[in-house]
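# Model the following, please.
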Amino acid sequence: MSSKTTPAKKPAKTGYPPTDYERIFHPKAVAILGVSADENGVGFGTGMLRAIMAMGYEGKLYPVNPKGGTIYGMEIFRKVEDIPDRVDFAVVAVNARYVPESLEACLRIGVAGAEILSSGFSELGTDEGKELERRIQEVAARGIRVVGPNCFGIYCPASGLTFLPGPDLSRETGPVAFVAQSGGMAIDFAHAGKWLGIRFSKMISFGNGADLREAELLRYLARDPDTRVISMYIEGIKDGERFFSELKAAAAKKPVIVYKGGLSAAGARSVASHTASMGGNRVIWQSILRQAGAVQVNDTEEMAQVNLAFAMLPPKPFRGISIVGGGGAIGVTACDTAETYGIEIPALPPELQDRIGSVLPKPGSSAINPIDVANPLVGPPALKEVLLSAARDERIELQIIVSLLFHYKGLALAFGRPVAEVTPYRELVQCIRDAVDQTGKPVIAVLPNMTRGTESMDVTELIALTRQEYLSRGIPVFDELHDAIRAISHVNNYYGGKVK
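Numbers count the residues shown, from 1 in each chain. Next up is the predicted model:
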């Protein structure tokens with residue numbers, strides 16, 4: 001036996017500086033630089049203080065302004081160095097020319113990370129702006145991680161950190177992480193997630209990305225146990241090779257959904273003026289994302305819909321589906337759309353058609369698949385039986401039910417009662433949940449609304465209430481059938497083509 005010992009294998013160099021993400025995303029104390037003593041002030045610093053307080057952040061808050069004073073009963077410290085406790089995270093909302101020295105002060109007291117909300121840097125294209133951003137990078141390189149500048153910062157429901165402006169975002173945490181260069185895109189997605197049913201683990205709006213950027217954040221989120229789905233809005237990248245490497249590694253572990261902005265000529269010009277980034281060639285980006293195993297989407301709506309599907313459906317492909325709804329056109333549309341996306345809608349065997357047909361109104365109904373229930377007012381128990389029967393076919397791996405609830409408006413007018421009272425939406429949702437539990441096969445609900453005028457606001461409310469009921473029972477909801485099928489196709493492509 002040899003007496004020689006095998007030297008320990010050195011870890012691969014990543015080139016990333018050490019980062020205490022726990023202190024950044026779950027800080028116990030936050031300093032906010034640029035707060036005014038005027039409680040009605042509209043500056044970024046004061047606005048962020050109000051927003052974090054409204055979110056119910058439970059850690060310590062330390063407002064900072066050279067003029068001192070008080071706000072909301074809190075002392076405003078004249079300097080960061082005057083704060084008596086350890087500060088984990090800082091919000092920097094001062095004039096651009098004071099940002100480097102403010103960041104330097106945060107570094108001196110051991111702050112782990114800072115978000116710079118201020119603008120006036122490289123996005124302006126001026127020598128002064130570029131120099132200020134270079135100085136930010138110099139400070140960051142000495143031991144403080146920076147999000148921004150020119151950004152909306154971090155939203156972390158679990159800790160109570162929020163975007164600017166974002167006092168009314170959800171505190172309910174979930175599996176989706178979102179990384180974006182655009183602050184507006186990030187906060188819009190955060191708001192949309194509240195009613196769509198998407199819950200977030202973390203959101204990072206990094207703006208110009210002087211320090212923390214897409215590649216390093218991808219690496220972190222790929223390992224983050226709180227995140228099951230990663231979504232990104234990217235305008236431009238600085239290190240293509242590193243980004244591709246991290247994207248491929250992350251997509252091998254969990255779905256990574258990418259919306260790449262600036263692929264048109266006009267879009268590229270807008271990107272350059274927004275965050276001083278380069279756009280890119282559409283064909284090249286499509287190839288990069290495909291090779292990395294990422295999921296490419298083309299607009300904000302598709303991004304939200306695909307995130308919903310990945311977050312709420314089991315992690316597997318669904319090649320065969322059934323579709324239940326009222327009206328022959330729904331079936332025709334479903335078949336055409338499904339074929340476009342490579343999804344099968346198999347005809348059910350005769351014995352199952354007979355079983356389903358026995359609970360549907362006649363004439364007019366069809367139990368072949370798509371299943372036409374003929375009457376949009378068919379009761380929930382019958383719809384439950386339809387789903388239970390269709391699920392007996394082993395080829396059916398997922399079911400979609402299309403409910404035209406707006407037709408209940410006529411019934412409400414006839415009875416002289418509110419539409420929400422005559423619509424059995426709670427019973428419907430419970431029956432669908434029972435079908436999922438009994439069959440073990442997921443169901444997607446589709447709630448179209450063709451009556452969106454001011455005279456039908458009660459129908460809009462009904463659909464919102466129904467959506468809420470579905471989501472509370474773990475059933476994803478889409479507005480249109482096409483959107484649901486397209487989202488399923490993205491899930492299929494990821495899990496069906498993923499190398500295990």
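# pLDDT below threshold where in the chain?
Using pLDDT under 70 as the threshold, the predicted model of the chain has low-confidence ranges 1-14, 263-280, 328, 498-500.
# if you set the cut-off to 50 instead, what comes out?
Within the chain, the stretches falling below the threshold (pLDDT under 50) are 1-13, 266-269, 271-278, 499-500.
# If we go by neighbour counts, what in the longest strand belonging to the chain is buried?
Across the chain, the longest stretch assigned as strand under DSSP state E is strand 173-180. Buried residues in strand 173-180, counted by 16 or more other CB atoms under 10 Å: 174, 175, 176, 177, 178, 179, 180. All C-beta atoms are positioned from the backbone trio N, CA, C, and that covers glycine.
# Once you drop chain neighbours, what's closest to the first one?
Distances taken as CB to CB, 6 or more residues apart in numbering put residue 199 closest to residue 174, at 2.2 Å, once the chain neighbours are dropped.
# Ok, the fourth one next?
The shortest distance from residue 177 to any residue that is not its chain neighbour, by CB to CB, 6+ apart, is 4.2 Å, and that residue is residue 227.
# a strand runs through residue 233, doesn't it?
Yes. Assignment of residue 233 by DSSP: H, G, I helix; E, B strand; the rest coil places it within a strand.
# contacting residues around the closest residue to it other than its chain neighbours?
In space, residue 233 comes closest to residue 180 once its chain neighbours are excluded; the distance is 4.0 Å by CB to CB, 6+ apart. By CB atoms under 8 Å, 6 or more residues apart in numbering, residue 180 lies in contact with 186, 189, 203, 204, 205, 206, 232, 233, 234.
# Of these, just say which sits nearest to residue 382.
residue 189 (37.8 Å; CB to CB).
# Quick check: that closest one vs residue 438, distance?
Look at residue 189 and residue 438: by CB to CB, to the nearest Å, they are 35 Å apart.
# So which of these two has more stuff around it?
residue 189 (26 against 12; other CB atoms under 10 Å).
# Residue 304 is in contact with the more buried one, correct?
Yes. Look at residue 189 against residue 304 with CB atoms under 8 Å: they come within range, at 6.7 Å.
# Overlap in contacts, these two.
With CB under 8 Å, 6+ apart, residue 189 and residue 304 have no common neighbours.
# domain assignment for the protein?
According to automatic domain parsing, the chain comprises the domains 21-310, 314-497.
# Determine which stretch of these is the most buried.
Across these, the average number of neighbours (mean count of other CB atoms under 10 Å) peaks for domain 21-310, which reaches a mean of 20.
# Remind me which helix or strand the nearest residue to residue 341 once chain neighbours are set aside belongs to.
Setting aside the residues directly before and after it, residue 341 is nearest to residue 489 in space (CB to CB, 6+ apart), at 3.6 Å. If you go by DSSP states H and E, residue 489 is part of helix 481-497.
# which secondary structure elements does that helix contact?
Contact partners of helix 481-497 among helices and strands, from 3 or more CB pairs under 8 Å, 6 or more residues apart in numbering; DSSP states H and E: strand 295-297, helix 300-312, strand 321-325, helix 328-340, strand 398-402, strand 443-446.
# Now do the residue nearest to residue 29 when sequence neighbours are not counted against residue 242, distance only.
Setting aside the residues directly before and after it, residue 29 is nearest to residue 60 in space (CB to CB, 6+ apart), at 4.2 Å. Plainly put, residue 60 is 36 Å away from residue 242 if you go by CB to CB.
# Repeat that for residue 141.
17 Å.
# got it, and residue 71?
Distance of residue 71 to residue 242, computed by CB to CB: 42 Å.
# before we move on, what about residue 148?
Counting by CB to CB, the gap from residue 148 to residue 242 is 20 Å.
# now residue 229
Residue 229 is 22 Å from residue 242, where distance means CB to CB.
# With residue 19 instead?
Using CB to CB, one obtains 16 Å as the distance from residue 19 to residue 242.
# Over to residue 102?
From residue 102 across to residue 242, the span is 29 Å (CB to CB).
# now residue 224
Separation of residue 224 from residue 242 (CB to CB) stands at 19 Å.
# and if you look at residue 108?
Distance from residue 108 to residue 242, counting by CB to CB: 30 Å.
# Am I right that residue 452 is in a strand?
No. If the criterion is three-state DSSP, then residue 452 is coil and not within a strand.
# Can you tell me the closest non-neighbouring residue to it?
With CB to CB, 6+ apart as the criterion, residue 452 has its nearest non-adjacent residue at 6.6 Å, and that residue is residue 460.
# Quick one: classify the one you found as helix, strand or coil.
Relying on three-state DSSP, one would call residue 460 helix.
# That one contacts residue 449, doesn't it?
Yes. Counting by CB under 8 Å, residue 449 is a contact partner of residue 460 at 6.6 Å.
# Is the residue nearest to residue 29 in contact with residue 32, as I believe?
No. No contact is recorded between residue 60 and residue 32 when judged using CB under 8 Å, the distance being 11.2 Å.
# hang on, the earlier thing: let me see the contact set for the residue nearest to residue 174.
Residue 199 makes contact with 157, 170, 172, 173, 174, 175, 176, 193, 311, according to CB under 8 Å, 6+ apart.
# Roughly how far does the fifth one sit from residue 158?
Per CB to CB, residue 174 is found 10 Å from residue 158.
# Name the residues contacting each of those two.
Taking CB under 8 Å, 6+ apart as the criterion, residue 174 and residue 158 both touch residue 201.
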